[in-house]
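S.K.: Here you go, sequence then predicted model.
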Amino acid sequence: MKRAIKKRSSIYQYLESSGVLDNGTIEEIKAARKKYWMEYKRLWRKDKRRKEKEFTVSFSKDDLQLLTKVARRHKRKRTLFIKTATLAYINKTYIVPDEIEVRQIRQLLSMSYNSLEQQMEEEILSVEAGKVLLQLIQQLEREVLVLLYNPKTLEQWIVETVRQYPERKAQLIQLLNFPSENDCQKLKSKVGREAIADISL
């Protein structure tokens, strides 16, 4: 069943002004609606082209397969992923692999917070215990969302691990398998000078 047209909508005004609602047949009304939406989309595309610049890029078969694979992994269409990845590179930001899941996590934390507040109001949960739990949820939200939207790089992880746990430096070096100074020099170009300075022999 089709929805009724709202009288204040632009399509209703268009159909009414054309006289098709009063004098037209069902087929004529359908044709008028189709004409309206065609014109609407044409004007929308024209306005979009005026406000935004479009670029055409081409990919080799191998590059296209890689692009498609990574875009699917991030649950985005290829064109949206190209735009997102380009801006992320320019702004040096991280692309969240699954935006939907992150929003669900945020929603669950918010629902938990609201549920605790309600339990406190209904005196199911004591005020003291409720405040502690609310603070924990706020802290969890801050820490989780920061890590999801801006995860630490390998370089940051290495530096922070060595600074926080100096006794693990030897294990970390063994884990990263640096048998020679030459290997350390090679890694400098990969993870950065700051990280190597903190874990170097």
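M.R.: Sure thing, it's come through.
S.K.: If you average the pLDDT over the lengthiest helix in the chain, what comes out?
M.R.: The helix that spans the most residues within the chain, counting by DSSP state H, is helix 26-51. The average pLDDT for helix 26-51 rounds to 87.
S.K.: How far off centre is that helix?
M.R.: On the basis of Cα atoms, centre = their mean, to the nearest Å, helix 26-51 sits 31 Å off its chain's mean C-alpha point.
S.K.: same deal with stretch 129-143?
M.R.: Taking mean C-alpha positions (Cα atoms, centre = their mean), stretch 129-143 and its chain are 24 Å apart.
S.K.: Show me which residues of it are buried.
M.R.: Neighbour counts using 16 or more other Cβ atoms under 10 Å place 130, 133, 137, 141 of stretch 129-143 among the buried residues. To be clear about C-beta, it is placed using only N, CA and C from the backbone, and glycine gets the same treatment.
S.K.: From residue 128, how far off is the third one?
M.R.: Distance from residue 137 to residue 128, counting by Cβ to Cβ, to the nearest Å: 16 Å.
S.K.: on that earlier part again, of the buried residues of stretch 129-143, which belong to helices?
M.R.: Going by DSSP H, the helices hold 130, 133, 137, 141 from the buried residues of stretch 129-143.
S.K.: any idea which of these is the one closest to residue 90?
M.R.: Lowest distance from residue 90 to those (Cβ to Cβ) belongs to residue 141, with 28.3 Å.
S.K.: Please list all residues in contact with the closest one.
M.R.: 106, 109, 113 (Cβ atoms under 8 Å, 6 or more residues apart in numbering).
S.K.: residues near the second one, how many?
M.R.: Using other Cβ atoms under 10 Å, the number of residues around residue 109 comes to 16.
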